[in-house]
Structures are given as C-alpha cells and as structure tokens.
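> I would like the atomic coordinates for the input below:
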Amino acid sequence: MLRIGHIDYANCTPIFNGMHELFSDGDYEYVRGVPASLNRMLAAGGIDICPSSSIAFSMAPEDLLIMPDLSISSFGAVQSVLLFSLKPIEELDGSTVLLSAESATSVNLLKILLKKRFSCNCYYKTTNLNSVEALEDTQALLLIGDSALHAAQCGPAVLVYDLGALWYDWTGTPFVFALWLVSKDAFLRSESELLTLANRFVAAKRYAMANLDKIVDESPEKSWMGRERLLEYWKVLSYDLTERHIEGLKLFFTFAAELGLIKSVPELVFLK
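You can find the predicted model right below:
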C-alpha cells in the first residue's frame, strides 16, 4: 500500500478532500505531519509521496521525481507565508530574523528576497514559536501555513509582508511553494500504482476546483477563518504546474544556488 504524506494545512485541504471524496481511503495509508517532517520521512523512505517544500527536490534530485500538473503556488500574494516585522523590510540589514521550523522553501525564499532584492544581510535563528509574540525578542518573524493565517487575523499591529507578493512583483513569475514529490525507490517498487495515483491526484484537483463552495462548508478551517476568507484564500492559490510555474521554480533554484543555499540547480525530472 502506498504511503501518502498528508499536511493538515488549509492550503492542502481542497486536494485531500478531493482524494477522500473520489477514492477509497482504504487504498492508501495517509501519514500526517508538517512539511519539514514529511520531507525527512520521504528522504528516509518512511513515506512514498507527499506535497513537499519545493526546495526539498533540489536537496536530493537523484532520489526524487516530481508529479506533473500539481503544485501549491501563487501568482502574487499567497496569504500564508508572511514576514511580520517591527521595521520596514528594506531596513532589516543587520537584524536577527526568526524563521519557522516548518518549511525550508519559505525560509530560503525569504533569504533570497532579503539578500538579492533588498540588499539586507541578516542573522537567522529557527524558532518553534508560532505567533507574533516572538517579536518581543527580535525584529522580524517568518510564519507559514495556518500559523501565518492566524497571526494575520489576530496579531498585533506590525508590518506584514507577503512573500508570494514580494516574489511576483520582483520577478513576474509565480512562486512554487510546494511540489508533490515521489520517492524513486517507491517508483521502482510500484510504478503502475504511482502512475494511477498521480492521475487520481489530478482528478482530485479538478474535483476540488469545481467544488470549493461545497468543500468549504465541510472544512475545519472554516471555524476560525470564516467561510468567505477561506474561499478567498483557496482562490488565490494555484494548484497547477504549467510552464510558467516551472519558469518560476527554476529561477528560485538559480537564486538559491547563487547564494549557496543549495549545491546546484537541479534538472527537473517528472513522474511519467
């Protein structure tokens, strides 16, 4: 039985809802976790496929395949990858920035933006704190996922920067926050099953995009985000992986390699 990493973030809810609606849960084993932990499990063989921080592919391209036609991306503001700052972003040079421990992609995106767009040399420290209370001890804090959505809704009055918007305004390309990544070992063991699963995920995406109004009324996030805000959030996300998405992904990897955040720009290899 294939093991699927399942992230309980609002941005993944539509796709997994589609999977549960269209296909039997008994066909697969779902393993829940945050992106960073699931990335480690995928690398260690603990799961076979999962939505992973896009930077994870560049860390081990020889061991992974990219599922086609599926991502978590944005053409502009993403709403759930946010920098909370006590001063304007262009004035953060020399400051310490607290980083979320949950997503390596967002962390590296922030480092690229601060260094290459704003010419800021910052100090970075990882934290498990998931609220803007952490700003009592530092100048800026990166939050992602539901923690960012919560903080933007309920946090104190500080400057808030959406990293998706900063990237798009700067490069004109969408930013690919997550890819669905497949273990090559799993592919060698279960090629046919994985190809079927890839088609099912694309079908789940299509179902989700056509049924957001239904899905929102069944989603736990509705209780704290509200129906309209949750719908708006899903509608700003892009779950596709087109040539434009790939252009933005390659640019991200190029900048990451230039700053020494990854060893080199990887060749993109897809499940097929």
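
> wait, isn't residue 68 in contact with residue 241?
Yes. Under the contact definition of Cβ atoms under 8 Å, residue 68 touches residue 241, with a separation of 6.3 Å. (Each C-beta comes from the backbone N, C-alpha and C, glycine too.)

> Pick out whichever of those two has more residues nearby.
Set residue 68 next to residue 241 and count neighbours by other Cβ atoms under 10 Å: residue 241 wins out with 24 against 15.

> Look at that one and tell me its secondary structure.
coil (DSSP: H, G, I helix; E, B strand; the rest coil).

> List the residues that contact it.
Remark: with contacts taken as Cβ atoms under 8 Å, 6 or more residues apart in numbering, residue 241 is in contact with 66, 68-71, 73, 176, 179.

> Over to residue 256?
When contacts are counted by Cβ under 8 Å, 6+ apart, residue 256 is found next to 55, 58, 108, 112, 262.

> of those residues, closest to residue 95?
Within the contacts of residue 256, distances to residue 95 taken as Cβ to Cβ reach their minimum at residue 112, with 16.6 Å.

> Just the CA coordinates for the helix or strand where that closest one lies, please, in PDB.
Per DSSP states H and E: residue 112 is located in helix 104-112. Extracted as PDB, the C-alpha positions of helix 104-112 are listed here (Å, rounded to 0.1, in the frame of the first residue of the first chain):
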ATOM      1  CA  ALA A 104      12.600  25.100   4.200                       C
ATOM      2  CA  THR A 105      11.200  26.600   0.900                       C
ATOM      3  CA  SER A 106       9.700  29.700   2.600                       C
ATOM      4  CA  VAL A 107      12.900  30.100   4.700                       C
ATOM      5  CA  ASN A 108      15.100  30.100   1.600                       C
ATOM      6  CA  LEU A 109      12.700  32.400  -0.300                       C
ATOM      7  CA  LEU A 110      12.900  34.900   2.500                       C
ATOM      8  CA  LYS A 111      16.800  34.700   2.500                       C
ATOM      9  CA  ILE A 112      16.800  35.300  -1.300                       C
END
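
> Please enumerate residues in contact with that helix?
Among residues not part of helix 104-112, those counted as contacts by Cβ under 8 Å, 6+ apart are 35-36, 39, 53-56, 59, 81, 83, 97, 99-100, 122, 124, 142, 144, 163, 167, 175, 177-178, 252, 255-256, 259, 261-262.

> Keep only those of these that are in helices.
Secondary structure from DSSP state H places 35-36, 39, 55-56, 59, 163, 167, 252, 255-256 of the contacts of helix 104-112 in helices.

> Residue 34 against residue 102, yeah?
Yes. Distance between residue 34 and residue 102: 4.7 Å, which falls inside the contact criterion (Cβ under 8 Å).

> The two - which one has more neighbours?
The neighbour comparison of residue 34 against residue 102 (other Cβ under 10 Å) goes to residue 102, with 25 against 17.

> Is there a neighbour count for the closest residue to residue 217 other than its chain neighbours? I'd like the number.
Taking Cβ to Cβ, 6 or more residues apart in numbering, and ignoring the residues beside it in sequence, residue 217 has residue 227 as its nearest neighbour in space, at 7.2 Å. Here the count is done by other Cβ under 10 Å, and residue 227 has 14 residues near it.

> Residue 72 too?
Number of residues near residue 72 (other Cβ under 10 Å) recorded here: 27.

> Got phi/psi on it?
The phi and psi torsions at residue 72 (degrees, to the nearest 10) take the values phi -120, psi 110.

> Also residue 182?
Geometry field for residue 182 lists phi and psi as phi -120, psi 130, criterion degrees, to the nearest 10.
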